[in-house]
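> prediction below, plus the sequence it came from.
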Amino acid sequence: MERATTAWIAAGASIAALLTAWLAIAHPSAPITERGRSAGIATTAEAGPQAYRQPLVTLDAAQRRQFVEGQRIVDATWVLFWFESGEWGAGPTMNARACAECHVRGGRGAPVVDGDRVRPMIVRLSIPGVDRHGGPKPHPEYGEQFQTFGVPGVVAEEGRVELAWETSSVDLADGERVELRRPVVSFRDLRFGPLGDGLMTSPRVPPSLVGMGLLDAVPDETLRALAAREPEDGIRGRVNEVWDIAARRVAVGRFGHKANVPNLRQQVAAAFSGDIGVSSDHFPEQNCPGAQQDCREFMPAGRPELGQLRWKAVEFHLRAGAVPARRNVEDPDVVRGEALFAAARCAVCHVPELKTGDVPSLPALSGQVIRPYTDLLLHDLGEGLADGRPDFTAGPRDWRTPALWGLGLAQIVNGVTTYLHDGRARTLTEAILWHGGEAEAARERFRNMPRDERAALLAFLGSL
């Protein structure tokens, strides 16, 4: 049931406009230079806590209302019962009750132990084999994602996740020693029997939501052309061939840590289903596999719980979001760091510049030169980052190149600076030192740089 009224949306738009005006005063922005323009017309000069949540300046009044409504739904708490205050349709099992629990102000998450739970980390599960579309084969009793919340006293959560850290160290060429850590997850209080032999797990933390609409607008042909390039320095990316639910065909993957989702609309539906337990036309069934009978019998509800209006509003909010401009682009250290980034061959995967195709639903995004620093392709990053779990044509060592735009504002936006798919890296130096496989040579160039060159390269990353 779509309960948002026109009056409520208009009121929300007014509040958002006042908030935006206040932020502009609280965080005055410098004019955007051409070199600082991260996303063409979709670049915002905002550099404060709301930098990841700014709308395109070209939106008309109706589009701004839809953008604000999408943001309201992202921030809203989803509830289990129709008589509670919030968006109805959560559960019966889930990992969170709101998108914003994990994506604080549109930013990434950091794994922390909160009482007897680990949040906002989720753990993907599968067993050997593939499903009927070539994707991971879910665990017969626990599904594809371990659910740590249920309905108190009615539907049991699947169990608890425990988190420990294994540490090691790497010596840089100048003698500096850097401690690295990797997460080790385990399970307890399992409600539906042992997980069994052959289980494959992959702990994940939420990525940033910056620029998703623009990344969705990069043509498939561009990604295939990038994959067809001659290998450089042993580096060769490839597309993940995944299942497009709406088109009912194999498609190019571009979202998710392993590029296992083909487009923004499906990504929104997958997150609502897997993380909050909200059904949609793409994912009509609840997360109640195997022996979870109480889960299946809980409150038979009207479906889909994510109706078209709310689904489209969230999708539009993400599609129409602006990207923060680069800062300090003329600083000598930043300029030097950019050259070192390219010389180390980091830019082979983190491609500086792409161009969007036609976007009929939002023409302002069409034909934009964007600078996300990604090729959206899979790369073998070595055994150190391997999760042991394949995902469509992505192997256990394969990861999608993440976009780097907005990177330097992470601390300001949501107070965390953890990186990589499982949040193991607490600094950009740690993140680089975890790179192996195709990126090993680039990592070694960084490791062997003098201290001042490393600092310059990091200053460049901080400018993004």
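Ah, there it is.

> check contacts around Val329.
Applying C-beta atoms under 8 Å, 6 or more residues apart in numbering, we find Val329 in contact with 33, 35-36, 335, 463. Glycine gets a C-beta too; all of them are placed from N, C-alpha and C.

> mind checking what secondary structure it has?
Classification of Val329 by DSSP: H, G, I helix; E, B strand; the rest coil places it in coil.

> from Gly106, how far off is it?
Look at Val329 and Gly106: by C-beta to C-beta, to the nearest Å, they are 23 Å apart.

> now do Leu306
Separation of Leu306 from Gly106 (C-beta to C-beta) stands at 19 Å.

> ok, Leu195 touching Pro140?
No: in this structure Leu195 lies outside contact range of Pro140 using C-beta atoms under 8 Å: 10.3 Å.

> more neighbours, those two?
Leu195 (18 against 13; other C-beta atoms under 10 Å).

> check for me that that one belongs to a strand.
No: secondary structure of Leu195 (three-state DSSP): coil, not part of a strand.

> about what we covered before: among the contacts of Val329, which ones are in strands?
Judged by DSSP state E, the subset of the contacts of Val329 located in strands is empty.

> buried among those? Make that a ChimeraX selection.
Here is the ChimeraX command that selects the buried residues among the contacts of Val329 (16 or more other C-beta atoms under 10 Å):
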select :36,335,463
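
> show me which of the contacts of Val329 is closest to Leu125.
Ranked by distance to Leu125 (C-beta to C-beta), the contacts of Val329 are led by Ser463 at 38.7 Å.

> for Thr417, see how far away that closest one is.
With C-beta to C-beta as the criterion, Ser463 and Thr417 are 15 Å apart.

> any idea where the helices of the stretch 201-350 of the chain begin and end?
212-216, 220-227, 264-271, 293-297, 308-319, 332-343 (DSSP state H, counting those that start in this stretch).

> now the ones you listed in JSON lines, with distance to Glu101 and mean pLDDT?
Output for these, formatted as JSON lines (distance: least, C-beta to C-beta, whole Å; pLDDT from 0 to 100):
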{"stretch": "helix 212-216", "distance to Glu101": "18", "mean pLDDT": "98"}
{"stretch": "helix 220-227", "distance to Glu101": "31", "mean pLDDT": "98"}
{"stretch": "helix 264-271", "distance to Glu101": "12", "mean pLDDT": "98"}
{"stretch": "helix 293-297", "distance to Glu101": "21", "mean pLDDT": "93"}
{"stretch": "helix 308-319", "distance to Glu101": "15", "mean pLDDT": "98"}
{"stretch": "helix 332-343", "distance to Glu101": "34", "mean pLDDT": "98"}
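
> so which of these is nearest Leu458?
Among those, the nearest to Leu458 by C-beta to C-beta is helix 332-343 (6.9 Å).

> CA-only coordinates of the closest one, as PDB, when you get a sec.
C-alpha atoms of helix 332-343 as PDB (Å, rounded to 0.1, in the frame of the first residue of the first chain):
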ATOM      1  CA  PRO A 332      51.200  20.500  -6.100                       C
ATOM      2  CA  ASP A 333      51.100  17.300  -4.000                       C
ATOM      3  CA  VAL A 334      47.700  16.400  -5.500                       C
ATOM      4  CA  VAL A 335      48.900  17.000  -9.000                       C
ATOM      5  CA  ARG A 336      52.000  14.900  -8.300                       C
ATOM      6  CA  GLY A 337      50.000  12.200  -6.700                       C
ATOM      7  CA  GLU A 338      47.700  11.900  -9.700                       C
ATOM      8  CA  ALA A 339      50.800  11.300 -11.900                       C
ATOM      9  CA  LEU A 340      52.100   8.700  -9.500                       C
ATOM     10  CA  PHE A 341      48.700   7.000  -9.500                       C
ATOM     11  CA  ALA A 342      48.900   6.600 -13.300                       C
ATOM     12  CA  ALA A 343      52.600   5.600 -13.300                       C
END
